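Give me a model of this one.
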Amino acid sequence: MKKHNFYAGPSILSEYTIKNTAEAILNFADTGLSVLEVSHRSKEFQAVIDEATALVKEILEIPEGFSVLWLGGGASMQFCMIPFNFLNKKASYIDTGTWASNAIKEARLFGEVDVVASSKDANYTYIPKDWKIAEGSEYFHYTSNNTIYGTEIRKDPDVSVPMICDMSSDIFSRPIDWSKYIAVYAGAQKNLAPAGVTLVIVRDDALGHVERAIPTMLDYRTHIKKGSMFNTPPVLPIYSALQTLRYYKQLGGLKELERRDLEKAAALYNAIDESKMFEGTVTDPNDRSIMNVCFVMKPEYKELEKDFVEFCANRGIVGIKGHRSVGGFRASLYNALPMESVKVLIEAMKDFEYKH
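Got it, this is the predicted structure:
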């Protein structure tokens, strides 16, 4: 039975990425060695990281003056690396979910953090509006997409200070106005590669201005100087990321990726809004994530939620159970997920509704 993978992360990868990665595990670049065992200092792997870096810059249209880094530790490590490198006295953060809240907690270890707004009062089911950046802030940090709650900030905010963004779950789904940013970071396990590598993009001239000493491994300048090779990088996820980036370029780049993502999300949200059994947890269309669609059974059908998960499993639909803090269902529509899978889910929703 064909599987339709809606897991929130680690999540679906393209067949192109999986196939080419599997081949490299057996024989990498005709070396007769596995990519799992080849030296990261070899010319063959250097070519991998060079091409992957170049493709990130090309696809995201990153201008001169920014460095692309491949680091370990996940996006959660960036919650401390960001303030370590950029926060002297004060920064502004917006609280739109669990990961934003975690980033705020870490930043408070390094300086004053002004939380400009929060949607915690409604279990993060909306994006706050009409907030202002605190005076004296050195940067503004936000989480663009909230995987658990299904909200997303899809347009670069207009603020008076440089911005930093955690784009772990929606990078490569929209253009970025780089003139507004000093850093963007993303864990790979949503739209890029298997878990294990974190993509970090930093503006070079924004570094070196904090007054504190920074441990070597936590200083972005260390990794810029060494080309992400200060210590052994996560070679397999980087190789997989290269395959994904090649695939994205073949598809037509960012414009085509965004078109597909918007189309998939619109189809599923329309099905939810037209349903007599299901309803979305995020009611404002402007706040709805196109990466993670969260929905529940209407109150009169609440007891059927477990049955629907089992109904879907029998059709090869996996990973739709909602996060425990929200309940219901979550369909993650990352770049590698085909429209076919969305249509299968919509059909299952309609058939289940008809049955009951």
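
Only C-alpha atoms from now on, for both contacts and neighbour counts.
OK.

hey, where'd the strands end up in the stretch 151-300 of the chain?
Applying DSSP state E, counting those that start in this stretch to the stretch 151-300 of the chain gives strands spanning 151-152, 163-166, 181-187, 198-203, 278-280, 292-297.

Of all the ones you listed, which one is nearest residue 336?
Closest of the strands of the stretch 151-300 of the chain to residue 336 is strand 292-297, at 13.3 Å (criterion: CA to CA).

For the helix or strand that contains residue 349, what is the distance to the chain centroid?
According to DSSP states H and E, residue 349 maps onto helix 339-355. On the basis of CA atoms, centre = their mean, to the nearest Å, helix 339-355 is displaced by 26 Å from the centre of the chain it belongs to.

Which positions in it come out as buried?
By neighbour count on 16 or more other CA atoms under 10 Å, the buried set for helix 339-355 is 339, 341-342, 344-346, 348-350, 352.

which other residues reach that helix?
4-5, 264, 267-268, 271, 275-277, 308, 311-312, 315, 317 (CA atoms under 8 Å, 6 or more residues apart in numbering).

same thing with stretch 320-333?
6-8, 123, 148-149, 261, 264-265, 290-297, 305, 309, 319.

ok, now with 6 Å
Applying CA atoms under 6 Å, 6 or more residues apart in numbering, the contact partners of stretch 320-333 are 6, 8, 148, 291-296.

Can I get that stretch as CSV, trimmed to CA atoms?
The C-alpha trace of stretch 320-333 is given here as CSV (Å, rounded to 0.1, in the frame of the first residue of the first chain):
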residue,chain,number,x,y,z
ILE,A,320,-2.0,13.1,11.0
LYS,A,321,-2.6,12.8,14.7
GLY,A,322,-2.4,16.3,16.2
HIS,A,323,0.1,17.4,18.8
ARG,A,324,-1.0,16.5,22.3
SER,A,325,-1.3,20.3,23.2
VAL,A,326,-3.9,20.8,20.5
GLY,A,327,-5.4,17.4,19.8
GLY,A,328,-7.3,16.5,16.8
PHE,A,329,-5.4,16.3,13.6
ARG,A,330,-2.4,17.9,11.9
ALA,A,331,-1.5,17.4,8.2
SER,A,332,2.0,18.6,7.4
LEU,A,333,2.2,19.7,3.8
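
Would you map the helices across the stretch 151-300 of the chain?
Remark: helices assigned in the stretch 151-300 of the chain by DSSP state H, counting those that start in this stretch are 220-225, 235-251, 254-274.

With adjacent residues omitted, what lies nearest to residue 308?
Nearest residue to residue 308 in three dimensions, chain neighbours excluded: residue 352, at 7.1 Å (CA to CA, 6 or more residues apart in numbering).

in what helix or strand does residue 64 lie?
Under the criterion DSSP H and E, no helix or strand holds residue 64.

Give the burial count for it, as a bare number.
By the criterion of other CA atoms under 10 Å, residue 64 has 9 neighbours.

likewise residue 283?
Summarising burial for residue 283: neighbours were counted as other CA under 10 Å, giving 13.

State the phi and psi torsions of it.
Per-residue torsions, residue 283: phi -90, psi -30 (degrees, to the nearest 10).

ok so, going back, export the helices of the stretch 151-300 of the chain as JSON lines, with columns for mean neighbour count.
Formatted as JSON lines, those follow (neighbours: other CA atoms under 10 Å):
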{"stretch": "helix 220-225", "mean neighbour count": "18"}
{"stretch": "helix 235-251", "mean neighbour count": "22"}
{"stretch": "helix 254-274", "mean neighbour count": "17"}
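
would you turn the ones you listed into TSV with mean pLDDT and distance to residue 191?
Converted to TSV, the helices of the stretch 151-300 of the chain look like this (pLDDT from 0 to 100; distance: least, CA to CA, whole Å):
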stretch	mean pLDDT	distance to residue 191
helix 220-225	98	23
helix 235-251	98	8
helix 254-274	98	11
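
Which one of those helices lies nearest to residue 130?
helix 254-274 (25.6 Å).

Among the contacts of helix 339-355, the buried ones, what's the ChimeraX command?
Here is the ChimeraX command that selects the buried residues among these (16+ other CA under 10 Å):
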select :4,5,264,268,271,277,308,311,312,317
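
As JSON lines, the contacts of stretch 320-333 with distance to residue 113, pLDDT and neighbour count would be great.
Formatted as JSON lines, the contacts of stretch 320-333 follow (distance: CA to CA, whole Å; pLDDT from 0 to 100; neighbours: other CA atoms under 10 Å):
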{"residue": "6", "distance to residue 113": "35", "pLDDT": "98", "neighbour count": "24"}
{"residue": "8", "distance to residue 113": "29", "pLDDT": "98", "neighbour count": "24"}
{"residue": "148", "distance to residue 113": "23", "pLDDT": "97", "neighbour count": "22"}
{"residue": "291", "distance to residue 113": "28", "pLDDT": "98", "neighbour count": "28"}
{"residue": "292", "distance to residue 113": "28", "pLDDT": "98", "neighbour count": "27"}
{"residue": "293", "distance to residue 113": "30", "pLDDT": "98", "neighbour count": "27"}
{"residue": "294", "distance to residue 113": "30", "pLDDT": "98", "neighbour count": "30"}
{"residue": "295", "distance to residue 113": "33", "pLDDT": "98", "neighbour count": "25"}
{"residue": "296", "distance to residue 113": "35", "pLDDT": "98", "neighbour count": "21"}
